[in-house]
Structure formats: C-alpha cells, structure tokens
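Enquirer: Sharing a model that was predicted from the sequence below.
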Amino acid sequence: MSVLLHIEGLDKAHGPHVLFENASVSISEGDKIGFIGRNGAGKSTLLHMIVGGEAKDAGEIVIHPACRLGYLKQHDDFEPGESVIAYLERASGKEEWACAKMAGRFDIKKERLLVPIESLSGGYRMRVKLAAMLLHEPNLMLLDEPTNFLDLQTQLLLEHFLQEWNGAFIIVSHDREFLMETCEQTMEAERGKLFLFPRPVNEYLEYKEEKLALDVKFNQNIETQKKHLESFINRFRAKASKASQAQSKMKQLRKLKTIDIASALKTVKIRIPAVEHRKQFAVRALRLAIGYGDRVIASDISFEIDRGMRVAILGENGKGKSTLLKTLAGRIEKLDGTYTWNNRLKLGFYDQHASETLHPTDTVWNYLERTATPGTEREDLMRMAGDFLFPKDDLEKPISVLSGGERSRLVLAGLLLSRPEVLLLDEPTNHLDLETVEALGNALRRWNGTVLFISHSRTFVNLVATRILDVRDGTVRSYPGTYEEYVYDVAREEGLISKQEQLEEKQEREKGTSKAERHEKQKELKRAISKIEKQLDSLEEERSGIMKLFTQDPAKFDLERTKRLSSLETMIQHTEAEWNRLTEELAKSNNG
C-alpha cells in the first residue's frame, strides 16, 4: 500500500495551548481510520491543516501526488437560496448530469434537486455535502464529526457507504458505535502526539488499559529490585570481603530504569443527585398537536411516561422531535390537545443551541452560580465545576475563550446544579468527546429521575434508552421493541438489509421467535451461566482447601473431609455438565 499522506515533526499551538509537538504519522491507501481525542486535542485543527485551511507552526505535511483529498466540513458552505443542483455544480465544477447522478446515490432525486438547500433537514444537507465531496473523486476522505445532527436514516446510509467504499478515510467522531461499524484502525491525538493503532477503537482502548497496567507492574517490580539491591549495598559496602559484590550491585542498580508513565488525563465525573422516586406517571399527552403558528408538524399524539423512564425520541430530522421536546418543556405553545406533567416535578431543559447563546463576557463561575438552585453551597459549585473539568484556575475564564466542547460541558453542569427531577435533553452529545458522551450516558443510566432525550449518537442511545417514541408520518407513536430492533427496522426501510437477512428474519417470525423474545432468552441464559460459574468457583475453592490440608498432613486420615471431597467432586461434575448445556444453548441462540 502506497503512502497518501505523511506528517513529520508537526508543531502547532493556539496561544499557550500546545496542540501538537513533534507529532508524526503516515496514512496509506485503503486505511479506514477513526480519529479520537479529547475536546481541544487538535483533531479538527489537524484536518484544517491538511487541507491548507490553517498554517502549521513547524514540521511537514506531505500530500503525495497520487492523493486526491476530499474534506467534509462540520459547517455548511451553501449560499442563501441556492438549490441542491446549483450547489453541486458550483462546488464540484462538474456538469449537471454528473451532479444529478452522484446525488441519486444518496436518494436526492427529481424535485429534491431543485429545492433550496436551506429548506432541507440536517440529514439531507449532509447527503448533499457528501455528494459534492465525492464528485471530486477523492481517494482519501477527511470527515469531521459527520454524524452530528444526522438522523438515524442518514447515519445508516453513510455507514453503509463507508463500509462499501474502497478508498481511505479519517473520521473524527464521538460515537463509538459509528466508529466500530466503519473503521478498521484508530488514531488518537493526545499530549501533543499522534498514535496510529492498527485495530478498531474498542481494541485500542483495551490495549491502552492493558499497557498502562503492564507499565505500572513493571515499575513496581523495578522498585522492588532497587530496594533489595540498596539493602545489600548498604549492608556490605563497608566489608572488605563483600566490597566487589557491593560494587557489582551498584552497577546493577544504575542500570535499573523505570518507564515514564504520564499522569492520567482528568476525566469528566458526572454525578446527578438522586430524586424522590414514586411509582406515578411523569407526563401524559392526549391528542396533542405541535408546530409553529398555523403550521402543524405532528398531531394526534397520545402517550404516558412513568417516572424514572429514560425515553429516546427518534425519527427523521425535520419531522418534529425538537418541536415535541420544546412543547413538553413549555418553550413553545401546543397547537391542540393536552399534555400534563405530574404535580411539582421540576423540569430541566437542554437546548442543542444553548452553548451558542452564552454571554461571551460571563465567566465560568458566574454562570454556574446563576444557574444553580438558590442556596447551593460554594463547595457544591466547586465540586460540580471540577467534575466537568473546570479547575479552580478556569473559574474566572470568560466564556468567549471556551471551546465548543467546554461550553457544552458548562451548560450541562449548570443544568445539573439546578437539581431537576426531569431532564429534557435535545442533542446533548454534540461537541462532546467520546469519554464525556459515555460518562454522561452512564450517569443518566444510573440516575433514578425521568429523562426524555433526542440524540443521534447510537452509543448514547444504547446506554440510556429504556423506551422509544418514534416520530414519523405526522404523529408520534410508542415503538414496541428495543433500540437494536428499531435500528434494524430503519435499515430495512432504507433498503440496507439484504434479501437474505430479510428472509432469515421472516423465517424467525414464522417460527414464532421474535428478535425481542430471542434477546430476552439470551439474557436469561447469560444470567444462568453467570450464576453457575459463581457456584463452580465456590465449589472448586472448597475442594482446593481440602486438598491443601491433605497435602500438609498426608499421614492423617479424616473421614468427614474425605466424604466431603467425594461429594464436591460429584457436584462439580454435575455443575460443569449444566454449564456446558447452557453455553451450547446460548451459542445456538446467537447463531439464530
């Protein structure tokens, strides 16, 4: 595989903040790379530098002659009122027929080619930008957070396209699920360096943990050896008979070197205060209609959500997800019907654009102090700031100098300080890094309050959702299955499930074994296997203890222990047989 892009000795800083220092990496033909790193680590900046949109401070970025770059930006570059076909022609310099053919690959056809781009949903805007990039026939694509604001339908389409594409790409994304489905390698920006690992993101993160554990153990062993050598030297260095040995030990001591282990990067610690939990409804809607002014977006909406539920609101962009959430939050008026919140429930609303409305001259501390529940102790404010990675030195920073990720974290911290019993979250994961997305998801999963949320991060939805509201066809309905089944159904509707897979699904239904039933059976089997494994561990531990006693005093005969050992052997045999039966049953269930 020939090299398409080579970076050597790269330096880049934004003021006092060093992004890259002597960073190097090479990208070859066919590399499918997921690019991860903390907010502010320099991921977007690196892509900007590669395409010439930002200058490097030092080093080399060599784009080889065979490399044809394609760059998918986070931000739109459409002109006001510009139609889809006009934009594609302008952006690519290609003829209309070629632009229309490429757009057709993303289901942008006929009258949709003539509409103003600004009238399209975020998902279709992303499809237009993808088509424009591909018209340049790249063999190395740079995609900066392509899943931000993308509905599931467009995500699956993009995912399928990337799986089939034979060129190279680098994807910046905070969604682990998306990276796992599309990328074969992982690149991380950390502490000013670039590290390229030849396996997917899950394996890379496991490798990092294992390497750290091995390095720590190695250093502990070295320190133990040092202590032994120092003890010998201190004891015998003054004795003439041992002088040569002491000198030898001193040489060994000088050769013992520990591995430098950088202090762990601080991680977000999201702790949401527990709320009083009662088995009551949280919100009810009856024949609700939502929209703006005379424009009805969705109607005939009826549902009931119990307290403690975590409800994902899913569906195509532009069909009413945010409108529903804003209506329930009281931010916009309902058009018809009713909705009722349980008495005295305190709501907290996160607007996906909230970070853009922060006052630039406000400080971190002032914002947290103002949004917190009156009477909140200074210590609690400080703790929440620290948990969201705002140390004491950052509290007087003006909001104007914060990155997009820092602003999103600040808004979330302020929201939690208001101590809501219900959280209404509209795209809370945009602009957050992978670690923060998963920390927020895990915190919400543990929380006993009620959550209604919109998110296009499949990792986040998987972590949090216990129920789904599906927005489509001008109304909102409760989806009966799991999120996994929802994703499968959407993929099938988009034509991304093969006929063979659909046939297998049909055969399963005819057998009377639905996906949900099979999933529940698998969970039961796993629980049973886990229980048996614990029993086996306990039985084998007891057997080992008796065997040890026999070994210590082989001449002594103990009738009770001998009987117990015989019983243990029989119990272990039966338990192992049951374990084998259950694991075989689970394997058959997994294979359909």
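Expert: Looks like it came in fine.
Enquirer: Touching stretch 533-552 from outside, list them.
Expert: With CB atoms under 8 Å, 6 or more residues apart in numbering as the test, stretch 533-552 has contacts from 558, 561, 564, 565, 568, 569, 571, 572, 575, 576, 579. In short, each C-beta sits where N, CA and C put it, glycine included.
Enquirer: can we see that at 10 Å?
Expert: Identification of contacts with stretch 533-552 by CB atoms under 10 Å, 6 or more residues apart in numbering yields 556-558, 561-562, 564-565, 567-569, 571-572, 575-576, 578-579.
Enquirer: Residue 112 versus residue 293, what's the distance?
Expert: Here residue 293 is placed at a distance of 25 Å from residue 112 (CB to CB, to the nearest Å).
Enquirer: Could you do residue 12 as well?
Expert: For residue 12, the distance to residue 112 (CB to CB) stands at 40 Å.
Enquirer: higher neighbour count, the two?
Expert: residue 12 (22 against 17; other CB atoms under 10 Å).
Enquirer: low-scoring stretches of the stretch 451-592 of the chain, by residue?
Expert: 498-517, 519, 554-557, 590-592 (pLDDT under 70).
Enquirer: Ramachandran angles for residue 301?
Expert: Taking degrees, to the nearest 10, you get phi -100, psi 120 for the backbone angles of residue 301.
Enquirer: can you pull the contacts of it?
Expert: 285-290, 320, 324, 327, 334, 336-337, 339, 469, 471, 474-477.
Enquirer: mind running it again at 8 Å?
Expert: Residue 301 makes contacts with 285, 287, 288, 289, 290, 324, 337, 475, 476, as judged by CB under 8 Å, 6+ apart.
Enquirer: And for residue 495, the neighbour number?
Expert: 10.
Enquirer: any idea how far it lies from residue 156?
Expert: 10 Å.
Enquirer: thinking again about what came up before, just the buried residues of the contacts of stretch 533-552.
Expert: Buried positions within the contacts of stretch 533-552, assessed by neighbour count (16 or more other CB atoms under 10 Å), are 565, 568, 572, 575, 579.
Enquirer: What segments of the stretch 1-150 of the chain are strands?
Expert: Per DSSP state E, counting those that start in this stretch, the stretch 1-150 of the chain carries strands over the ranges 3-14, 17-28, 32-37, 58-63, 69-72, 140-144.
Enquirer: now the helices: where do they sit in the stretch 351-500 of the chain?
Expert: 364-371, 378-387, 404-417, 434-446, 458-464, 483-493, 499-511 (DSSP state H, counting those that start in this stretch).
Enquirer: any chance of those in JSON lines, plus distance to residue 86?
Expert: JSON lines is the format used below for the helices of the stretch 351-500 of the chain (distance: least, CB to CB, whole Å):
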{"stretch": "helix 364-371", "distance to residue 86": "42"}
{"stretch": "helix 378-387", "distance to residue 86": "48"}
{"stretch": "helix 404-417", "distance to residue 86": "30"}
{"stretch": "helix 434-446", "distance to residue 86": "36"}
{"stretch": "helix 458-464", "distance to residue 86": "33"}
{"stretch": "helix 483-493", "distance to residue 86": "30"}
{"stretch": "helix 499-511", "distance to residue 86": "37"}
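Enquirer: Those helices: which one's closest to residue 27?
Expert: helix 434-446 (20.6 Å; CB to CB).
Enquirer: Identify each buried residue in that closest one, please.
Expert: Taking 16+ other CB under 10 Å as the criterion, helix 434-446 shows 434, 435, 436, 437, 438, 439, 440, 441, 443, 444 as buried.
Enquirer: From those, pick the one nearest residue 485.
Expert: residue 441 (19.6 Å).
Enquirer: can you pull the contacts of the closest residue to that closest one other than its chain neighbours?
Expert: In this structure, residue 441 finds its nearest non-sequential neighbour in residue 463, 3.3 Å apart by CB to CB, 6 or more residues apart in numbering. Going by CB under 8 Å, 6+ apart, residue 463 touches 438, 441, 442, 444, 445.
Enquirer: Since that was my last question, I'll sign off now.
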